Every structure is written in C-alpha cells, then in structure tokens.
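Colleague: Output the structure for:
(one chain, ligands or ions: 1)
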Amino acid sequence: MPIKLPFRQRGRDLPADLWTKCPDCGEMLYNKQLEKNLRVCPKCSHHFRLRVDARLAQLLDEGTFEERDAGLESLDPLGFVDQKPYPERLAAARASTGIRDAAIWGLGAIGGHRVAICVMDFAFMGGSMGSVVGEKVTRAAEVARADRLPLIVVSSSGGARMQEGTLALMQLAKTCAALGRLADAGVPYVSVLADPTTGGVFASFAALGDVNLAEPKALIGFAGARVSAGTIAETLPEGFQTAEFVFEHGFVDRIVPRAELRDALIELLLFLGPRPTPRPTFAENGTGNGILSRPLAALLDPLAGQEARRG
Ligand SMILES: [Zn+2]
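Modeller: Model prediction:
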C-alpha cells in the first residue's frame with residue numbers, strides 16, 4: 001500500500017526513513033519523535049516493537065549494563081535448508097540487526113536495584129528461540145540464582161526456531177528447569193511480555209514469572225488464531241490472544257504501558273526484593289548443626305559462644 005506523506009514530497013532527497021505510519025490509526029509519525037516517545041504512537045498509543053538496545057536503554061539505569069556471553073552463536077547441527085541454508089539466514093539476520101542472536105543478557109541496575117536481565121529482539125529471525133536464546137535465558141537464571149539478583153526477561157518471539165528442530169524444543173524444558181531452581185532459591189523473576197510473545201517462548205519462560213507483565217495490545221498466545229480455531233472447531237472470541245484478553249483470563253498479572261514499565265519494575269523490585277538465603281533443611285544438612293555462622297550459633301547457644309572464646 002503506498003504511504004501518503006502529510007506534505008508534498010519535494011524532490012528525491014527526502015530520506016525514506018523519516019516517517020513511520022501507525023498501523024493502528026494511520027497517523028504519519030516523525031521517526032525522531034516516535035523514538036523519543038519510546039516508539040509508542042502519541043495519537044492512539046500503539047506500541048511499536050522495540051529493538052533490544054532501545055529496550056535496555058529504557059529500562060536500565062544509564063551506563064550500568066554489562067553484557068554477558070556476547071559471543072554465543074548458533075551452529076547448524078541439522079544442516080537445515082529451507083529456501084536458504086540456515087547459516088545464510090543467520091548471517092543475513094546478523095548483518096541486518098547488528099546482533100548475534102535473538103536475545104541479549106547481562107547485569108545492570110534498575111532504579112539502583114541490581115538485576116540480571118535478558119531481552120529478546122523480534123528483528124532477529126522473528127525473535128525465534130534456538131539454542132542460543134535458551135542458553136542465555138538459562139545462564140541469566142543461573143547467575144541470578146548464584147548472585148541472588150532478581151531476574152527480568154523481556155520476551156518478544158514467534159516461538160521455537162524450526163531450523164534447530166528438537167534442540168530448539170529442548171530449550172523449553174531447559175529454561176523451565178533453571179527457573180524452577182531460581183524459584184526454589186527464593187529469587188524473584190519478573191517476566192515482561194512484549195508484542196508478540198507466542199509459541200514455545202510463551203509456553204516456557206515467558207509465562208513463568210512470579211509476576212507477568214504485558215505491554216498493551218501485545219499478541220500473546222501459543223498457536224496462532226487460525227490454528228487454534230481449526231483445532232477446537234469454534235469461532236474465537238473477540239480480542240483472542242491480545243494482552244487484554246489473556247489478562248482477563250488470568251495469564252498475565254498486569255498490563256503496563258511502556259512509559260510506565262520502568263517505574264512498575266522498580267516498584268516490584270522494592271516489593272519482591274530477594275529473600276535471605278534459605279537455611280538448609282534438617283534433611284539436607286544431616287544433623288542441623290554446624291551450618292550456622294558463629295555469631296548466630298553463639299546467640300542461640302551461649303555455651304557454644306564461651307567455648308569458641310576459650311578455644
Ligand atoms: Zn496510532
């Protein structure tokens with residue numbers, strides 16, 4: 001469809017990337033203004049997709065991000081070829097996006113709270129989850145657990161990456177297991193579902209937050225609407241698979257407009273804060289003795305304290 005500019009195009013020197021048409025309200029938006037407005041349409045508040053760097057800049061305190069595992073790259077274990085060989089697709093995606101795979105993770109701070117954060121980028125092969133995305137989410141969860149840092153994952157994905165077959169599907173179980181251990185350790189995990197969060201990503205880590213936040217009108221669901229309708233042989237309800245619909249049905253806890261997301265996370269981090277390291281249970285420790293630090297042991301048993309002083 002030809003894009004109508006709001007003024008007469010003068011000559012050929014008008015850069016093509018100066019304006020973006022809002023797909024919801026049709027308004028022509030000046031790109032610089034759109035970026036300033038966190039890529040939200042000022043007229044109808046349509047949320048455009050955010051690239052990973054813009055998302056990190058929006059959420060994190062300036063200059064606090066330290067990327068981890070930046071060098072992870074997908075291999076081509078299946079020798080997969082559709083219209084193009086998988087390595088060619090990866091190379092093209094790397095060239096067009098400037099990132100190595102569909103997720104970036106690292107450590108940073110939000111409102112002074114240290115966090116582990118993983119952000120997905122839909123621009124890289126539809127944000128599909130292969131072994132690199134799964135590994136990054138898993139490592140983020142493992143470091144979050146070891147360092148007792150709250151974990152934040154911002155998802156935007158079409159699902160598992162078919163070019164990696166079973167290895168991509170395996171990431172569902174792997175990420176869920178890592179998040180299970182994180183939950184056992186009492187370290188909070190906040191999942192942010194951005195447009196779109198679908199397929200294997202929704203069916204694994206994106207839906208497992210202690211708190212699940214979603215951006216307005218984001219597409220959220222497992223199978224696409226056509227497949228879902230075909231499977232149950234019924235007409236789908238109005239608004240099926242929008243953030244608002246899944247919120248009404250209890251799959252997400254809150255819908256947060258992008259401009260309020262950072263403050264919402266700060267509020268949650270204050271509220272959830274990591275609990276102190278759980279004390280090993282009697283069963284884990286065998287006797288229940290010897291695990292307490294000396295000052296606490298002395299507090300509980302004054303004689304132990306005296307012996308320590310004598311010894
Ligand atoms: Zn709009």
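
Colleague: Name the SS class of the residue most central in space within the chain, please.
Modeller: Nearest to the mean C-alpha position of the chain, counting by C-alpha atoms, centre = their mean, stands Val154 at 2.1 Å. With DSSP: H, G, I helix; E, B strand; the rest coil as the basis, the three-state label of Val154 is strand.

Colleague: Is it in contact with Val192, as I believe?
Modeller: Yes: contact criterion C-beta atoms under 8 Å: Val154 and Val192 qualify, at 4.4 Å. In short, each C-beta sits where N, CA and C put it, glycine included.

Colleague: Need phi/psi at Met120.
Modeller: The main-chain torsion angles of Met120 are listed as degrees, to the nearest 10 and equal phi -100, psi 150.

Colleague: measure it to the ion for me?
Modeller: Counting by C-beta to the ion, to the nearest Å, the gap between Met120 and the ion amounts to 24 Å.

Colleague: Check whether that residue really touches Gly126, as I assumed.
Modeller: No: because the distance of 10.2 Å does not satisfy C-beta under 8 Å, Met120 is recorded as not touching Gly126.

Colleague: Surely Leu210 and Val190 touch.
Modeller: Not quite, residue 210 is Asp, not Leu. Yes: contact status for Asp210 versus Val190: in contact at 6.7 Å, counting by C-beta under 8 Å.

Colleague: Tell me which of those two has more neighbours.
Modeller: The neighbour count for Asp210 versus Val190, taken as other C-beta atoms under 10 Å, is higher for Val190 (23 against 17).

Colleague: So for Asp210 and Val190, which residues contact both of them?
Modeller: Leu272 (C-beta atoms under 8 Å, 6 or more residues apart in numbering).

Colleague: and the stretch 1-150 of the chain, which residues reach the ion?
Modeller: Taking C-beta under 5 Å from the ion as the criterion, the neighbours of the ion within the stretch 1-150 of the chain are Cys22, Asp24, Cys25, Glu27, Cys41, Lys43, Cys44, His46.
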